[in-house]
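*Asks:* need a structure here:
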Amino acid sequence: MIRRLGELWGTSFPAFWLLLAACVYFAIMAARLTVIDVRHHLLPNRIVFPSYAIAGVLLLGAAIAFALSGGNLSGAAGNVPDGGASFLGVPALGIVAGGVSLWLFYFVLRLVYPPGMGFGDVKLAGVLGLYLGYLGWAHVFAGTFAAFVFGGLWSLGVLAARRGTLKSAIPFGPFMLAGAAAAMLALPA
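*Replies:* Next comes the predicted model:
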């Protein structure tokens, strides 16, 4: 995401500022949701639902502003490729596709084993999919994988420290947010 901001700085100032606002919002949302989920095992709708609109408007606005500035949205050779913000040749569709696909993936996990995941995690997955979808499918997959790795490592630590059992509930939202943040920061855009 940092590389994408750097690319947009020299290409499209409106897209840069919209993406920067989306990143700041992500950081604030992630901090609030992490604290609440750790304390109460809850991801409140009053934070998650508005995040769809805020992230959607900012990320779609950044992709559209980039497209209007003459950016290369096809991913072919050019000065600044858009990564995943286009899908099936349609600018910004990757953002929506990322949100929908990640929401569906977590929804299926919830259907398969309801005690294993709360519906708040499913709702949060759609928001994270918007952010990761902006960067591309590799980010969607990496962010999801990292969330499960982080959650699994934490669970192993809890078991090793004898602070819980295999039936203990852990808040998964912070690991989802950490996985998405790691994918946004570690993978090149």
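*Asks:* what about this structure, any weak spots by pLDDT?
*Replies:* Applying pLDDT under 70 to the chain flags the ranges 71-87, 91.
*Asks:* ok, which stretches of it are strands?
*Replies:* With DSSP state E, the ranges of strands along the chain come out as 86-87, 90-91.
*Asks:* Contact partners for the closest residue to Val122 other than its chain neighbours?
*Replies:* The shortest distance from Val122 to any non-neighbouring residue, by CB to CB, 6 or more residues apart in numbering, is to Tyr106 (4.4 Å). Every residue, glycine included, has its C-beta placed from N, CA and C. Contact analysis of Tyr106 by CB atoms under 8 Å, 6 or more residues apart in numbering lists 117, 121-122, 125.
*Asks:* Can you check the residues you listed and name whichever has the most neighbours?
*Replies:* Neighbour counts for those (other CB atoms under 10 Å) peak at Ala125, which has 29 neighbours.
*Asks:* list the contacts for the spatially closest residue to Pro171 that is not a sequence neighbour?
*Replies:* Ranked by CB to CB, 6+ apart and with sequence neighbours excluded, the top spatial neighbour of Pro171 is Asp37, at 4.1 Å. Each residue near Asp37 by CB under 8 Å, 6+ apart is listed here: 43, 120, 171-174.
*Asks:* Helices - which of these land there?
*Replies:* Assigned to helices by DSSP state H, the following of the contacts of Asp37 qualify: 120, 173-174.
*Asks:* For ChimeraX, write the selection for the buried entries among those.
*Replies:* Of these, the buried ones can be selected in ChimeraX as follows, counting by 16 or more other CB atoms under 10 Å:
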select :120,173,174
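*Asks:* Settle this for me: Ile170 is touching Gly151, isn't it.
*Replies:* Yes - judged on CB atoms under 8 Å, Ile170 makes contact with Gly151 at a distance of 6.8 Å.
*Asks:* More neighbours: these two, which one.
*Replies:* Gly151 (19 against 15).
*Asks:* Let me see the contact set for that one.
*Replies:* For Gly151, the contact set (CB under 8 Å, 6+ apart) comprises 170, 172, 175.
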